[in-house]
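Trainee: sequence first, then the predicted structure:
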Amino acid sequence: MKTIKSLMVLVAVCALAFSAQAQDSDNRFTFSTGFTGVDAFPTNAGNGFSGALFQDFFKAADNWNVSPSTTYLQGSYYIENGFSVVVRGSVGSISQLGTTAVKESYIGADAAIRYNFLSDTKVDPYVLAGAGKYWMGDFSSGTVNLGAGLNFWITDHLGLTFDSTFKHTPTSYGVTHFQHALGIVIR
């Protein structure tokens, strides 16, 4: 059933892509959706379940908590000169924090300023900085976020997107983590 819902969302998003206008000063919005993976291991947080910063960063099978359905929605509003305001909501489940087995739900809400380095190209790298909050089971904490990503435009209006965001928790009881996202983007 989750697969059918995910496919329905994908079809709806693709249908919207063909009626959308390119993002510029007249058409400022983008929308993306896809999958996220939460990884608390390569953060150097010193919390008992983390390793050194970027240690085993690409070991998705060992460290990433990925849910089997669409887990994030994101919208952005283009300001000018490559800058956009971005908001993202995500949901999922956590089965491990580093090498510690857990069973918790995950909800995240984030806002950021994004800077795209290039315009009018198929490959579109960006960086972002912002803040957010996450809820993991009964626990919640604010975060300070830094990230980088890449859009690959298939058409003028439809593309693939990948980003990785470091979510630092400034409290001693929080879980500093990376949140990776892979999805489709419409402008």
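Mentor: Sure thing, it's come through.

Trainee: just give me the longest strand of this structure.
Mentor: strand 100-116 (DSSP state E).

Trainee: next SSE downstream of that one?
Mentor: Counting by DSSP states H and E, the next helix or strand C-terminal to strand 100-116 is strand 123-136.

Trainee: on contacts alone, who are the packing partners of whichever helix or strand comes after that following strand?
Mentor: Downstream of strand 123-136, the first helix or strand assigned by DSSP H and E is strand 139-153. Applying 3 or more Cβ pairs under 8 Å, 6 or more residues apart in numbering; DSSP states H and E, one finds that strand 139-153 contacts strand 100-116, strand 123-136, strand 158-168. The C-beta positions use only the backbone N, C-alpha and C, and glycine is treated the same way.

Trainee: and strand 139-153, average pLDDT?
Mentor: Strand 139-153 shows a mean pLDDT of 93.

Trainee: okay, angle between it and strand 158-168 too, please.
Mentor: 150 degrees (axes from the mean of the first three to the mean of the last three Cα atoms, to 10 degrees).

Trainee: just the CA coordinates of strand 139-153, formatted as PDB?
Mentor: The C-alpha atoms that make up strand 139-153 are tabulated as PDB, following Å, rounded to 0.1, in the frame of the first residue of the first chain:
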ATOM      1  CA  PHE A 139      12.300  13.500  22.600                       C
ATOM      2  CA  SER A 140      12.800  16.700  20.600                       C
ATOM      3  CA  SER A 141      15.600  19.200  20.100                       C
ATOM      4  CA  GLY A 142      16.500  22.200  17.900                       C
ATOM      5  CA  THR A 143      19.300  22.000  15.400                       C
ATOM      6  CA  VAL A 144      21.700  24.300  13.500                       C
ATOM      7  CA  ASN A 145      22.000  23.000   9.900                       C
ATOM      8  CA  LEU A 146      24.700  23.200   7.200                       C
ATOM      9  CA  GLY A 147      24.300  21.300   4.000                       C
ATOM     10  CA  ALA A 148      25.300  20.800   0.400                       C
ATOM     11  CA  GLY A 149      23.500  19.300  -2.600                       C
ATOM     12  CA  LEU A 150      23.100  18.900  -6.300                       C
ATOM     13  CA  ASN A 151      20.200  19.200  -8.700                       C
ATOM     14  CA  PHE A 152      20.500  17.400 -12.000                       C
ATOM     15  CA  TRP A 153      17.900  18.900 -14.400                       C
END
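
Trainee: that strand pairs with which strands?
Mentor: Paired strands of strand 139-153, with direction, are strand 123-136 (antiparallel), strand 158-168 (antiparallel) (DSSP bridges).
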